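**Student:** Predicted coordinates and the sequence they were generated for:
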Amino acid sequence: MANWRDAHGTLTVEGTRVPLEVAASYRARTRGLLGRDGIAGALLLTPAASVHTFRMRFAIDVAYLDRNLRVLAVTTMPPGRLGLPRPRSRHVLEAEAGAMAGWGLRVGTTVKADVSGRLTRG
């Protein structure tokens with residue numbers, strides 16, 4: 001999808017479908033998961049190459065994605081951490097800690113995002 005926008009949709013990972021929120025505006029990316037006690041599904045930050053967990057209430061899984069939504073790296077971050085920028089990363093996918101392993105998401109996986117009836121690459 002060339003022009004991302006704030007939206008809701010579905011993320012597909014290895015055949016597993018989960019609710020997806022897209023944070024594409026500066027305001028939505030800045031807020032991210034701050035102030036929440038959890039998330040049902042995943043949050044896609046775009047564009048993004050790094051994240052932090054300062055003032056977060058829970059640990060998160062973080063997947064760094066390239067322009068084709070292929071996973072470059074996956075890590076779990078407890079609250080109060082700063083993630084380093086990842087080369088070639090264009091998007092960051094966030095979920096509650098442990099969720100991504102349950103979906104089968106790993107380095108090399110390509111995810112699909114169906115947002116408002118528009119299917120992204122992947």
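**Tutor:** Yep, it's here. This is a predicted model, so every value here is computed, not measured.
**Student:** what's the burial count for Thr46?
**Tutor:** 22 (other Cβ atoms under 10 Å). From N, CA and C alone the C-beta is placed, and that goes for glycine too.
**Student:** Give me the pLDDT for it.
**Tutor:** We have a pLDDT of 96 for Thr46.
**Student:** how near is it to Val92?
**Tutor:** For Thr46, the distance to Val92 equals 8 Å [Cβ to Cβ, to the nearest Å].
**Student:** And for Gly38?
**Tutor:** Gly38 is 18 Å from Val92, by Cβ to Cβ.
**Student:** Over to Pro78?
**Tutor:** In terms of Cβ to Cβ, Pro78 sits 17 Å off from Val92.
**Student:** With neighbour numbers in mind, choose between the two.
**Tutor:** Neighbour count, other Cβ under 10 Å: between Pro78 and Val92, Val92 has more, with 23 against 11.
**Student:** Pretty sure the more buried one sits in a helix.
**Tutor:** No. Counting by DSSP: H, G, I helix; E, B strand; the rest coil, Val92 is located in no helix; its state is strand.
**Student:** Send over stretch 75-82 as PDB, restricted to the C-alpha atoms.
**Tutor:** In PDB, the C-alpha atoms belonging to stretch 75-82 read as follows (Å, rounded to 0.1, in the frame of the first residue of the first chain):
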ATOM      1  CA  THR A  75      12.400  -9.100  19.900                       C
ATOM      2  CA  THR A  76      10.500  -8.800  23.200                       C
ATOM      3  CA  MET A  77      10.900  -5.500  25.100                       C
ATOM      4  CA  PRO A  78       9.900  -5.000  28.700                       C
ATOM      5  CA  PRO A  79       8.700  -1.500  29.800                       C
ATOM      6  CA  GLY A  80      11.300   1.200  30.100                       C
ATOM      7  CA  ARG A  81      13.500   0.200  27.100                       C
ATOM      8  CA  LEU A  82      14.800   2.000  24.000                       C
END
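**Student:** Give the buried residues for it.
**Tutor:** 76-77, 81 (16 or more other Cβ atoms under 10 Å).
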